[in-house]
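Enquirer: have a look; sequence and predicted model below, questions after that.
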Amino acid sequence: MLTAKAVGSPIPSVVAFQHRLRGKLPTMVKDTFRIVTRGTDGKLHIRDYNKQESLLRVHTQVGVDDCSTDLGLRGLPVLRGLIGPMPEGKNVIRYESPEVFETLTKEWGVSKSPRRARMQAPAEISAI
């Protein structure tokens, strides 16, 4: 909470703003952990975990995400050999193997959205 330096009390406008928002913000609970890898047959393998504890029993945590622009991902584990966490929908936290991440990123970059034609200015009529 912001405080005024001289007085040490909360700034009134900030307190009023926080009071108006209390209970009105939607909660964005991300509660499913999804691991996406590619099998030897070339197919994607997706494994979902309902709890972080069950995820950490299978994968080794090597750090904690502290720089994601999605604030809901900050504080989540960084796992050895996987890229993530990254958001997927409203309640899914996704981790991908490096090979899957590279392949899907390349596919995403190659796919082109249809471009709209530019409006051309009408040709000017020259006076004779």
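Expert: Arrived safely, thanks for sending. Numbers count the residues shown, from 1 in each chain.
Enquirer: buried stuff in the helix with the most length in the chain?
Expert: Counting residues, the longest helix in the chain under DSSP state H turns out to be helix 98-110. Across helix 98-110, burial judged by 16 or more other Cβ atoms under 10 Å covers 100-101. To be clear about C-beta, it is placed using only N, CA and C from the backbone, and glycine gets the same treatment.
Enquirer: can you get me the start-to-end distance on stretch 58-69?
Expert: 27 Å (Cα to Cα, to the nearest Å).
Enquirer: now stretch 37-48
Expert: Note: stretch 37-48 ends 12 Å apart using Cα to Cα.
Enquirer: then stretch 77-93?
Expert: 11 Å.
Enquirer: now stretch 48-59: average pLDDT?
Expert: Stretch 48-59 carries an average pLDDT of 94.
Enquirer: what's in contact with it?
Expert: Under the contact criterion Cβ atoms under 8 Å, 6 or more residues apart in numbering, stretch 48-59 has outside partners 31-35, 76-77, 79-82, 95.
Enquirer: try it again with 10 Å
Expert: Residues outside stretch 48-59 that contact it (Cβ atoms under 10 Å, 6 or more residues apart in numbering) are 31-35, 47, 61, 76-77, 79-82, 92-93, 95.
Enquirer: so of those, which ones are in strands?
Expert: Those of those mapping onto strands are 32-35, 47, 61, 77, 79, 92-93, 95, per DSSP state E.
Enquirer: what's around P77, how many residues?
Expert: 21 (other Cβ atoms under 10 Å).
Enquirer: let me fix that: S97
Expert: Residues within reach of S97, counting by other Cβ under 10 Å, total 18.
Enquirer: and it, what does it touch?
Expert: Per Cβ under 10 Å, 6+ apart, neighbours of S97: 35-38, 44-45, 81-84, 103.
Enquirer: just the buried subset of those residues, written out for PyMOL, thanks.
Expert: Here is the PyMOL selection string for the buried members of those, based on 16+ other Cβ under 10 Å:
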select buried, resi 35+36+37+82+83+84
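Enquirer: flag every buried residue along stretch 39-56.
Expert: Neighbour-count burial for stretch 39-56 flags 49, 55 (criterion: 16+ other Cβ under 10 Å).
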